[in-house]
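# Curious how this folds, go ahead:
(one chain, ligands or ions: 2)
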Amino acid sequence: MGACIAKAFSPPSSFQESTMRRAKITVIGAGNVGATCAHWCAAAELGDIVLLDIPQTEDMPAGKALDLMQSSPIMGFDSKIVGTTSYDDAADSDVIVVTAGIPRKPGMSRDDLLSTNARIITSVGEEIKKSSPNAVVIVVSNPLDAMVQQMWKVTGFDRSKVCGQAGVLDTARYRTFLAMELGVSVEDISALLMGGHGDTMVPIPSCTSVGGIPVTQLIDPARLEEIVERTRKGGAEIVSLLKTGSAYYAPAAACAQMVEAVVKDKKRCIPVAALCESEYGVGGYYVGVPVIMGSAGVEKVIELNLTESETADFQKSVDAVKGLVATMDELLAG
Ligand SMILES: NC(=O)C1=CN([C@@H]2O[C@H](COP(=O)(O)OP(=O)(O)OC[C@H]3O[C@@H](n4cnc5c(N)ncnc54)[C@H](O)[C@@H]3O)[C@@H](O)[C@H]2O)C=CC1
Ligand SMILES: O=C([O-])CC(=O)C(=O)O
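Numbers count the residues shown, from 1 in each chain. Ligands and ions are numbered 1, 2, ... in the order given. Presented below is the predicted three-dimensional model:
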């Protein structure tokens with residue numbers, strides 16, 4: 001009988017000592033956006049994942065991580081997911097997605113989160129600087145453009161290594177609404193929105209097309225403006241429906257696309273909150289612009305020739321971001 005029992009598989013040491021390693025992806029904040037981002041990243045096997053939250057959440061991150069791991073035989077992925085409240089487990093991450101912070105509720109604007117989340121981002125940034133000095137950091141917490149500016153300041157990382165997620169989500173919302181309007185596949189819609197993650201975001205009609213056809217040939221200007229307006233208020237629309245918090249499925253999918261761009265060195269051309277210095281004459285602020293994203297993070301900011309009215313709208317959006325950063329700096333100094 002005993003001879004029929006297979007011995008436990010014991011791989012030769014050369015198997016165990018593989019020098020190949022999966023990307024290490026840490027998601028900070030194991031709430032709605034964070035846990036869903038871990039889910040998308042694991043399902044796409046982008047790497048091994050650390051889901052980190054504050055000590056007060058006790059075993060919650062471990063619980064979510066274990067639950068996600070137990071979906072792996074069903075979904076067919078081999079990513080490992082660890083939940084923790086210790087930065088030791090996040091050490092030497094390749095990519096870090098920062099979702100730590102409070103979300104808004106109905107009646108609030110993203111800017112109402114400034115004071116609380118600026119302090120959270122400051123403490124998270126200090127930990128990242130110590131534990132993962134080579135990571136590409138993707139900030140999600142709101143108000144987005146100010147939070148990513150603070151993360152860059154606190155870590156002192158190269159500007160290519162710190163960026164923010166907003167444009168992939170805003171553009172996805174715009175593409176969804178355009179597809180609904182025209183009754184076509186979302187896959188055939190290509191679009192670009194620039195500027196801050198707020199009501200001042202700027203659509204670029206010359207960069208919006210449906211199967212290669214300029215959108216302006218398919219939708220009249222008044223209707224297009226209504227769709228843009230719905231996109232600008234896309235986050236608030238979800239907040240008013242959910243009532244207990246803000247969107248997370250689409251935001252988390254947007255983060256996973258940016259993580260994929262880094263770990264697979266995809267060279268994606270996507271809108272990202274990137275530090276613009278001479279670019280677009282911004283002068284050292286984070287704002288949504290088209291970039292090339294690959295293993296080094298934001299590898300290039302693409303400068304477009306904007307029309308006069310696009311330039312004016314973009315400038316308005318940049319001014320709103322600058323105002324918010326100034327308020328944040330005063331709050332943190334006080
Ligand atoms: N940029 C974007 O497009 C989007 C941004 N957001 C923002 O993302 C943030 C997170 O949203 P949700 O996940 O819905 O909120 P949530 O409340 O579900 O999760 C936030 C998590 O962050 C944790 N946290 C708080 N302080 C922390 C710290 N110092 N270190 C680690 N973790 C910490 C909390 O314990 C909580 O588990 C919000 O600020 C929200 O406004 C949400 C959707 C889209
Ligand atoms: O609306 C919010 O507060 C969350 C967010 O940024 C979005 O869904 O675009």
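# What strand or helix carries the residue of the stretch 1-150 of the chain found nearest ligand 2?
Proximity of the stretch 1-150 of the chain to ligand 2 (CB to the nearest ligand atom) peaks at residue 104, 4.4 Å away. Quick note: C-beta positions are derived from backbone N, CA and C, even for glycine. Using DSSP states H and E, residue 104 is not contained in any helix or strand.
# Does it touch residue 246 like I think?
Yes: between residue 104 and residue 246 there is a contact under CB atoms under 8 Å: 5.7 Å.
# Mind giving me the packing neighbours of the helix ranked longest in the chain?
Identified as the longest helix of the chain according to DSSP state H is helix 308-333. For helix 308-333, the elements it packs on are helix 114-131, helix 144-155, strand 193-194, strand 202-203, strand 285-294, judged by 3 or more CB pairs under 8 Å, 6 or more residues apart in numbering; DSSP states H and E.
# and the fourth one, which strands flank it?
If you go by DSSP bridges, strand 202-203 pairs up with strand 193-194 (antiparallel).
# Tally up the residues packed near residue 84, please.
18 (other CB atoms under 10 Å).
# Relative to residue 308, how far out is it?
Noted for residue 84: a distance of 51 Å to residue 308, by CB to CB, to the nearest Å.
# Kindly report the same for residue 109.
Residue 109 sits 29 Å away from residue 308, going by CB to CB.
# Looking at those two, which is more packed in?
residue 109 (15 against 7).
# In the stretch 201-334 of the chain, what residue comes closest to ligand 1?
Closest to ligand 1 within the stretch 201-334 of the chain is residue 251: 3.4 Å, counting by CB to the nearest ligand atom.
# any idea how far ligand 2 is from that residue?
As judged by CB to the nearest ligand atom, to the nearest Å, residue 251 and ligand 2 stand 6 Å apart.
# Now do the same contact list for that residue.
Residue 251 makes contact with 33, 36, 140, 165, 169 under the criterion CB atoms under 8 Å, 6 or more residues apart in numbering.
# which of the residues you listed tops the neighbour count?
For the contacts of residue 251, neighbours tallied by other CB under 10 Å; top is residue 165, 32 neighbours.
# Show the pLDDT at that residue.
Predicted confidence (pLDDT) for residue 165: 98.
# got the phi/psi numbers for it?
Here is the backbone geometry of residue 165 (degrees, to the nearest 10): phi -90, psi 120.
# Am I right that it is in contact with residue 144?
Yes: shown here, residue 165 and residue 144 form a contact pair, counting by CB under 8 Å, at 7.3 Å.
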